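Engineer: attaching a predicted model along with its sequence, questions to come.
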Amino acid sequence: MATVRASTPSETLGPPAAERPIPLSVPELRGKEWAYLKECLDTGWISSVGPFVSRFERKFVDDYVGGAAYTVAVVNGTAGLHLALRAIFVEPDDEVIVPALTFIAPVNAVRYCGAHPVFIDADPQTWQIDVNQVERFLAKECEVRPDVEGPGAGVSTQTCWNKRTGRRVRAILPVHLLGLACDMERINALATAYHLKVIEDAAEAIGVRYHNRPAGTWGDIGVFSFNGNKTLTCGGGGMLVTRTPAWANRIRYLSTQARDDQREYVHREVGYNYRLTNLHAAIGLAQLEQLDTFLQRKRDIARRYREAFAGTPEITPMPQQDGAAYWLFTVLVSNRAQRDALLDGLAQEGIEARPLWQPIHMQPPYQGCQLAGSMTVATELYERAVSLPSSVGLTDQELERCVRAVRQIVATHHVLH
Ligand SMILES: Cc1ncc(COP(=O)(O)O)c(C=O)c1O
């Protein structure tokens, strides 16, 4: 396996490799990031308009999405999700179907619109949103009737209504977790049958292919994040992707304060200042040029972890999927006590690891929201999962240090209990 990270002068002056802290997921900035940033500063294009923004948007289509798609670069993935939901007319008191097991951002975006999440459990095989539970919820709890008057009326001639709450179910928001993909074929089929829009959270899924088509291009709108811990980073940033020009125009409009008249500053509705700056886009473009290498290294790291834990019965590696990009390699251990022992033990070794997110229906702002069924899988995954160092720049030596530490801590904890 090739070592992709050469040592820098500051690294060689620091503690010996065997003692150096190993972070969970940090950026790899070894391409043209400096050169492009310098170009921004030299030319004075540093704000939310500039050539790097359009170059980044265009290259994302050419290299990543393919075909006739539209992209809009935004300040971060959370803002992108908010815009996507606003673009498809998610209104106060609407409902949006979301997974219980996810980073909280997509659910917060639903709340920003004044809408209500309906939580779905995780699938035990894929760890992604449980499509069987979505199907049961729609079949048992919902019905399709004509739309009513309102800002979103006309988006679709028929609308899905939750019979229990009397609210309109506007969309389903699948989240591709950890560099794996949700079952988009079934999700899209359900969305068509029940007249729902699909907003795909692909924040953790750059490079993931589902049935050989990129994650983030299956729904009405896909949203990516370029946060510092993601495979591709701008420092902070996001990208919306859609094949529908009307959605693209509306996203661009809402992201620039919904300005209807450029000269007179007339605004028909409330908009946002969510456009990406040229400085951030410059970093993003340089990162995009290296994406294939980044993804290759992520897959190599996943392969090595999987192979290393194959003979350890207490460790279950994350699911394997064709086309996965394994953003954060994650394992399950036997129970919560062992998870905590592993997190503590790794921290003592200077190795950064973390549990999965506490399911969102358990979090104070969302307690009491509607659950489509039991949330036992999401809860169990949360209690047993540990994400391991997966930076693109992780060296082979560091990877072996992580493998050894995990095996040793799990074996010790197993003997003690
Ligand atoms: C699944 C998911 N959705 C949304 C986001 C939000 O993206 P951002 O941090 O760019 O706002 C993140 C991560 O940051 C994420 O992991």
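Structural biologist: Yes, it's here. In this text the structure is predicted, and so the values were computed from the model without any measurement.
Engineer: by contact count, what packs against the helix or strand hosting residue 397?
Structural biologist: Element membership for residue 397 (DSSP states H and E) is helix 396-416. Helices and strands touching helix 396-416, by 3 or more CB pairs under 8 Å, 6 or more residues apart in numbering; DSSP states H and E, are helix 291-308, helix 336-348. Quick note: C-beta positions are derived from backbone N, CA and C, even for glycine.
Engineer: can you map out the helices along the stretch 101-250 of the chain?
Structural biologist: 105-112, 131-141, 184-194, 245-255 (DSSP state H, counting those that start in this stretch).
Engineer: got the buried residues for stretch 397-417?
Structural biologist: The neighbour-count check on stretch 397-417 (16 or more other CB atoms under 10 Å) flags 398-399, 401-403, 405-407, 409-410, 413 as buried.
Engineer: for that stretch, the averaged confidence score.
Structural biologist: Stretch 397-417 shows a mean pLDDT of 89.
Engineer: likewise stretch 227-245?
Structural biologist: On average, stretch 227-245 scores 97.
Engineer: that one and the ligand, any residue contact?
Structural biologist: Yes. For stretch 227-245 and the ligand, the contact criterion (CB under 6 Å from any ligand atom) is met by 227, 238.
Engineer: in that stretch, which residues are buried?
Structural biologist: By 16+ other CB under 10 Å, the buried positions in stretch 227-245 come out as 227, 229-243.
Engineer: now, which of these sits nearest residue 73?
Structural biologist: Proximity of the buried residues of stretch 227-245 to residue 73 (CB to CB) peaks at residue 239, which lies at 5.5 Å.
Engineer: next, the contact list for the residue nearest to the closest one when sequence neighbours are not counted, please.
Structural biologist: Closest residue to residue 239 apart from its sequence neighbours, by CB to CB, 6 or more residues apart in numbering: residue 224 at 4.5 Å. Residue 224 makes contacts with 77, 80, 202-203, 205-206, 216, 238-241, as judged by CB atoms under 8 Å, 6 or more residues apart in numbering.
Engineer: what residues does this protein have near the ligand?
Structural biologist: Neighbours of the ligand within the chain, by CB under 6 Å from any ligand atom: 76-78, 102-103, 105-106, 175, 201, 203-204, 225, 227, 238.
Engineer: quick check: ChimeraX command selecting the buried ones in those residues.
Structural biologist: The ChimeraX command for the buried members of those (criterion: 16+ other CB under 10 Å) is given here:
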select :76,77,78,102,103,105,106,175,201,203,204,225,227,238
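Engineer: dead centre of this structure: give me the residue that sits there.
Structural biologist: By CA atoms, centre = their mean, the chain has its centre lying nearest to residue 203, at 2.4 Å.
Engineer: show me the contacts for that one.
Structural biologist: Taking CB under 8 Å, 6+ apart, we find residue 203 in contact with 77, 103, 105, 175-176, 223-225, 227, 230, 238.
Engineer: work out for me the element the residue nearest to residue 209 when sequence neighbours are not counted sits within.
Structural biologist: Spatially, and ignoring its direct neighbours in sequence, residue 209 is nearest to residue 323 (3.4 Å; CB to CB, 6+ apart). If you go by DSSP H and E, residue 323 is not part of any helix or strand.
Engineer: and residue 323, how many neighbours?
Structural biologist: A count of nearby residues for residue 323, using other CB atoms under 10 Å, gives 15.
Engineer: distance of the residue nearest to residue 402 when sequence neighbours are not counted from residue 101?
Structural biologist: Distances taken as CB to CB, 6+ apart place residue 389 nearest to residue 402, at 5.3 Å, with adjacent residues excluded. Distance, residue 389 to residue 101, by CB to CB, to the nearest Å: 21 Å.
Engineer: more crowded one of the two?
Structural biologist: A direct count of neighbours by other CB under 10 Å for residue 389 and residue 101 places residue 101 higher, at 30 against 23.
Engineer: pretty sure the more buried one sits against residue 130.
Structural biologist: No. Assessed by CB atoms under 8 Å, residue 101 is found out of contact with residue 130, at 9.6 Å.
Engineer: can you name the residue of this structure nearest the ligand?
Structural biologist: Nearest residue of the chain to the ligand: residue 77, at 2.6 Å (CB to the nearest ligand atom).
Engineer: what's near enough to touch that residue?
Structural biologist: Each residue near residue 77 by CB under 8 Å, 6+ apart is listed here: 105, 201, 203, 223-227, 238.
Engineer: now residue 378
Structural biologist: Counting by CB under 8 Å, 6+ apart, residue 378 makes contact with 99-101, 121-122, 359.
Engineer: could you redo the last one with a cut-off of 10 Å?
Structural biologist: Counting by CB atoms under 10 Å, 6 or more residues apart in numbering, residue 378 touches 99-102, 119-123, 127, 129-130, 356-362.
Engineer: can you say which of those residues are buried?
Structural biologist: Among the contacts of residue 378, those classed as buried by 16+ other CB under 10 Å are 99-102, 119-123, 127, 129-130, 356-357, 359-361.
Engineer: contacts only, for the closest residue in space to the residue of the chain closest to the ligand that isn't next to it in sequence.
Structural biologist: Take residue 77 and drop its neighbours on the chain: the residue closest to it by CB to CB, 6+ apart is residue 225, 2.9 Å away. Contact analysis of residue 225 by CB under 10 Å, 6+ apart lists 74, 76-81, 103, 105, 201-206, 231-234, 236-239.
Engineer: what of residue 93?
Structural biologist: Listed by CB under 10 Å, 6+ apart, the contact set of residue 93 reads 113-116, 165-168.
Engineer: surely residue 324 touches residue 299?
Structural biologist: Yes. Residue 324 is within contact range of residue 299, at 7.9 Å (criterion: CB atoms under 10 Å).
Engineer: overlap in contacts of the two?
Structural biologist: Both residue 324 and residue 299 are contacted by 179, 207, under the criterion CB under 10 Å, 6+ apart.
Engineer: more neighbours, the two?
Structural biologist: Taking neighbours as other CB under 10 Å, residue 324 and residue 299 compare with residue 324 leading, 23 against 15.
Engineer: which SS class is the residue sitting furthest away from the middle of the chain?
Structural biologist: Distance from the C-alpha centroid of the chain, by CA atoms, centre = their mean, peaks at residue 264 (38.0 Å). Classification of residue 264 using DSSP: H, G, I helix; E, B strand; the rest coil returns coil.
Engineer: and the strands in the stretch 101-250 of the chain?
Structural biologist: Under the criterion DSSP state E, counting those that start in this stretch, strands of the stretch 101-250 of the chain are mapped to 116-120, 142-146, 158-162, 168-172, 197-201, 209-210, 213-214, 221-225, 238-242.
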